[in-house]
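*Asks:* Make a model of this:
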Amino acid sequence: MTAIAVTPPPRHISPAKALQHGLSLSWRGILKIRKNPEQLVDVTLQPILFLVMFVYLFGGAISGSTGAYLQTLAPALLVQNTIMASLSAGVSLNTDVNKGVFDRFRSMPIARSAPLVGAVLADVVRYLVAIVVLLAMAMIMGFRITTDPFSAVVGAALMVLAGLCFCWIAVFVGMLVSTPGAVQGIMIALIFPLTFGSNVFVPTSTMPGWLRAWSDVSPVSLLANAMRGLLIGGDLAGPLLGSLAWMAGVVLVFFPLAMRAYRRRVG
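*Replies:* Numbers count the residues shown, from 1 in each chain. Below is the predicted model:
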């Protein structure tokens, strides 16, 4: 009986090939969303609840009218919604590790980073759904983009890019903790103070000095100001450059950490 030779995975894979492997595995994540559309509840129902609740409960007190508050809140709420959506990658990867899916990936001739990159790229669908749902609801409530279509497209691209960058924090946490519930709990404990301690919901001028000092330079505030500049006008260059710097820093720090934790977790 002739033995069947098994080709071992290549030791060195070019970055282009690794990206190709990641794109192939991202289709797996998209199919999971298609078969289980309830996975999109957090990026469809939650942003609508936040928008309606804050506009109609606090809009008059904060901005004098719900209409004025809606114009400043909607672009900034896109930031919180995208960052919240980014935690899904960590939860999904942690679930796959616990189910032994990565044991099968290890036997395949693919880049070691491909499963992580694939899960991250698949979440682009979630970010796009989150953007469309929130903007559609905001427009129903009276929000209007006062810049131009090109700026709106740039804003959507900025949100997708932000999600792809910040999700590496969730991936890192997902490779460290033992259960998907722990990933979600840790990330929410991180995201809520980060987003509420920013200028998304209230002006930083109303905050204590120590909180204002942080809020003015936080990635959430900078992204919120960038989105406001792109959708309703205002200062754009400074917030946009600051946002890009934060996103680059997050990837430079958390991508290597996530890969290191992944290698330790799956061997």
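*Asks:* List every C-alpha atom in the helix or strand hosting Val129, with coordinates, as PDB.
*Replies:* Secondary structure assigned from DSSP states H and E places Val129 in helix 124-141. Provided in PDB are the C-alpha atoms of helix 124-141 (Å, rounded to 0.1, in the frame of the first residue of the first chain):
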ATOM      1  CA  VAL A 124     -15.700  44.900   7.200                       C
ATOM      2  CA  VAL A 125     -19.300  43.800   6.500                       C
ATOM      3  CA  ARG A 126     -20.300  44.500  10.100                       C
ATOM      4  CA  TYR A 127     -18.800  48.000   9.900                       C
ATOM      5  CA  LEU A 128     -20.600  48.800   6.700                       C
ATOM      6  CA  VAL A 129     -23.900  47.600   8.100                       C
ATOM      7  CA  ALA A 130     -23.300  49.700  11.300                       C
ATOM      8  CA  ILE A 131     -22.600  52.800   9.200                       C
ATOM      9  CA  VAL A 132     -25.600  52.400   6.900                       C
ATOM     10  CA  VAL A 133     -28.100  51.600   9.700                       C
ATOM     11  CA  LEU A 134     -27.100  54.500  11.900                       C
ATOM     12  CA  LEU A 135     -27.000  57.100   9.100                       C
ATOM     13  CA  ALA A 136     -30.400  55.900   7.800                       C
ATOM     14  CA  MET A 137     -32.000  56.200  11.200                       C
ATOM     15  CA  ALA A 138     -30.400  59.500  11.800                       C
ATOM     16  CA  MET A 139     -31.700  60.800   8.500                       C
ATOM     17  CA  ILE A 140     -35.200  59.600   9.300                       C
ATOM     18  CA  MET A 141     -34.900  61.600  12.500                       C
END
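*Asks:* quick one: buried residues of that helix?
*Replies:* Using 16 or more other C-beta atoms under 10 Å as the test for burial, helix 124-141 gives 124-131, 133-135, 137-138, 141. All C-beta spots, glycine's among them, are computed from the backbone N, C-alpha and C.
*Asks:* Other residues contacting that helix?
*Replies:* 26, 30, 33, 39-40, 43-44, 47-48, 51-52, 55, 70, 74, 77-78, 81-82, 85-86, 88, 143, 156, 159-160, 163-164 (C-beta atoms under 8 Å, 6 or more residues apart in numbering).
*Asks:* Next: stretch 148-156.
*Replies:* By C-beta under 8 Å, 6+ apart, the surrounding residues in contact with stretch 148-156 are 75, 78, 128, 131, 145, 226-227, 230-231.
*Asks:* Just the buried ones from the contacts of helix 124-141?
*Replies:* Among these, those classed as buried by 16+ other C-beta under 10 Å are 26, 30, 33, 39-40, 43-44, 47-48, 51, 55, 70, 74, 77-78, 81-82, 85-86, 88, 143, 156, 159-160, 163-164.
*Asks:* just the buried residues of helix 124-141 now: which is nearest Pro115?
*Replies:* Comparing these against Pro115 with C-beta to C-beta places Val124 closest, at 16.3 Å.
*Asks:* what about the helices in the protein?
*Replies:* 15-35, 41-63, 66-85, 88-99, 101-106, 114-122, 124-141, 149-176, 180-196, 209-215, 219-231, 237-266 (DSSP state H).
*Asks:* closest to Pro203 out of these?
*Replies:* Nearest of the helices of the chain (C-beta to C-beta): helix 41-63, 8.1 Å.
*Asks:* that older thread, possible to save the helices of the chain as TSV with distance to Pro203 and mean pLDDT?
*Replies:* Shown next, in TSV, are those (distance: least, C-beta to C-beta, whole Å; pLDDT from 0 to 100):
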stretch	distance to Pro203	mean pLDDT
helix 15-35	37	66
helix 41-63	8	86
helix 66-85	9	93
helix 88-99	31	82
helix 101-106	46	64
helix 114-122	33	76
helix 124-141	19	91
helix 149-176	21	93
helix 180-196	14	90
helix 209-215	9	92
helix 219-231	10	96
helix 237-266	15	92
